[in-house]
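Chemist: Kindly generate the corresponding structure for this input.
(one chain, ligands or ions: 1)
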Amino acid sequence: MARILLKNVCKRYGKYKELAVNNFNLDIDDQEFLVFLGPSGCGKSTTLRMVAGLEDISEGEIYIGDTLVNEHPPKDRDISMVFQNYALYPNLTVYENIAFGLRIRKLPKHEIESAVKRAARVLEIGNLLDRKPRELSGGQRQRVALGRAIVRSPQAFLMDEPLSNLDAKLRVQMRAEIIRLHRAMEVTTIYVTHDQIEAMTMGDRIVVMNRGVIQQVDTPEMIYNRPKNMFVAKFIGNHPMNFFEGTLREVDGKMRFFSDTFSLQLTDQQAHMMRNKRLTDYTVTMGIRPEHTGFEQEIFDAFPNAFIRAELNFNEFVGSDNYYHLTAHGKESFAVRAHPRYRYSEGEKVKVAIDMDKALFFDRNSEELLTD
Ligand SMILES: Nc1ncnc2c1ncn2[C@@H]1O[C@H](COP(=O)(O)OP(=O)(O)OP(=O)(O)O)[C@@H](O)[C@H]1O
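Modeler: Numbers count the residues shown, from 1 in each chain. The predicted structure follows:
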């Protein structure tokens with residue numbers, strides 16, 4: 001169990017100009033479950049592999065516990081890795097696969113046996129110990145890969161998209177399993193994924209990355225509610241956040257957001273913040289999630305001055321909700337989440353209430369959050 005520290009870590013592959021990992025600074029707490037999240041190619045695996053020692057570090061320092069590990073080979077870092085493709089030995093039985101790391105460490109036979117049996121019991125694969133990997137389902141293989149990792153208590157677990165080869169139902173089940181294991185074992189874990197649901201449900205904190213650069217390190221709640229910039233705002237959320245371009249202006253003592261086709265009054269708190277930052281007559285992008293807009297009377301009651309008139313284009317029924325796609329005055333498109341009890345039809349003109357407490361304002365140029 002250990003704290004992991006990355007200081008100004010950079011990775012350059014060969015002579016490529018762009019850094020795969022660019023000045024990464026991160027302090028991972030002992031026993032924390034930390035998730036690296038970002039689109040394909042953003043540097044998640046490279047960073048994880050540098051922590052594991054599978055990839056050289058071009059610049060910077062990595063500490064596991066109090067030890068600077070830059071020059072340490074993987075076997076001396078006391079970490080366990082779980083990969084997407086399971087990386088099981090095809091010719092060894094499940095038992096031998098799980099025991100492999102302990103044999104290399106030359107543990108006595110009876111200790112190996114009790115450790116393997118304990119891991120197999122926890123993962124409910126005790127009846128599969130004599131089988132070869134090809135005789136297992138994908139989910140069972142992934143359990144064996146996990147078994148190999150948890151058979152000893154390393155300083156850290158490093159997991160690289162361990163669930164991405166599983167079907168949706170099994171993924172949900174294994175997600176819960178990994179969290180349960182983490183709670184029981186209390187080992188610092190770094191978990192790589194590009195699946196935001198996995199990140200939100202599993203992580204104590206999430207590191208959102210883009211093009212080798214950390215965008216935000218925060219709890220799932222903060223990442224969702226207070227994304228530091230438009231990249232994070234766009235990346236997180238089941239249905240994409242709606243964005244409107246416009247200008248902040250003070251009219252009759254009220255701070256309002258003006259788009260081309262509508263205007264909305266800011267809350268007192270937002271107005272106060274904008275005045276303090278002297279952001280009147282400032283061009284911004286307003287972000288609002290579909291779930292923070294609606295046709296409900298409660299939102300109209302709470303924000304009597306915050307609504308958009310729009311025309312309904314089409315709807316997506318997803319069972320628990322309806323997502324309506326609309327256009328304001330034939331120009332600005334956005335989506336609204338509504339309870340299935342609402343039934344509107346194509347072409348209908350509606351009034352959409354906006355929960356202004358949840359609206360976010362971003363600098364149009366830097367795309368950074370202004371209401372921070
Ligand atoms: N061996 C390599 N040689 C050259 N460039 C590489 C090498 N491995 C990775 N890269 C580049 O480094 C960047 C980061 O790659 P990395 O695999 O870390 O991304 P990732 O976020 O894990 O992506 P994915 O989700 O697709 O696995 C990418 O631009 C990739 O093309």
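
Chemist: Show me the helices in this protein, by range?
Modeler: Secondary structure of the chain, counting by DSSP state H: helices at 44-52, 94-104, 109-122, 138-150, 168-185, 196-202, 220-225, 230-235, 268-276, 297-302.

Chemist: The longest one - contacts with which helices or strands?
Modeler: Think helix 168-185. helix 138-150, helix 196-202 (3 or more C-beta pairs under 8 Å, 6 or more residues apart in numbering; DSSP states H and E). In this view, the C-beta of every residue, glycine as well, is placed from N, C-alpha and C.

Chemist: Reformat those as CSV; add distance to Pro340, mean pLDDT and mean neighbour count.
Modeler: Below are the helices and strands packed on helix 168-185 laid out as CSV (distance: least, C-beta to C-beta, whole Å; pLDDT from 0 to 100; neighbours: other C-beta atoms under 10 Å):
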stretch, distance to Pro340, mean pLDDT, mean neighbour count
helix 138-150, 33, 88, 23
helix 196-202, 22, 94, 19
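
Chemist: among the ones you listed, which is nearest Lys254?
Modeler: Nearest to Lys254 among the helices and strands packed on helix 168-185 is helix 196-202 (35.7 Å), distances taken as C-beta to C-beta.

Chemist: Break this protein into its domains for me.
Modeler: 4-235, 242-363 (automatic domain parsing).

Chemist: Among the ones you listed, show me which one is buried the most.
Modeler: domain 4-235 (a mean of 18; mean count of other C-beta atoms under 10 Å).

Chemist: which one of the helices of the chain has the lowest average pLDDT?
Modeler: Among the helices of the chain, helix 297-302 carries the lowest mean pLDDT, at a mean of 84.

Chemist: Now do it: everything it contacts.
Modeler: Identification of contacts with helix 297-302 by C-beta atoms under 8 Å, 6 or more residues apart in numbering yields 293, 307, 351, 353-355.

Chemist: Leu54: which of the helices and strands packed on helix 168-185 is closest?
Modeler: It is, among the helices and strands packed on helix 168-185 and with distance given as C-beta to C-beta, helix 138-150, at 15.0 Å.

Chemist: helices or strands next to the closest one in the packing?
Modeler: strand 79-82, helix 94-104, helix 109-122, strand 156-160, helix 168-185.
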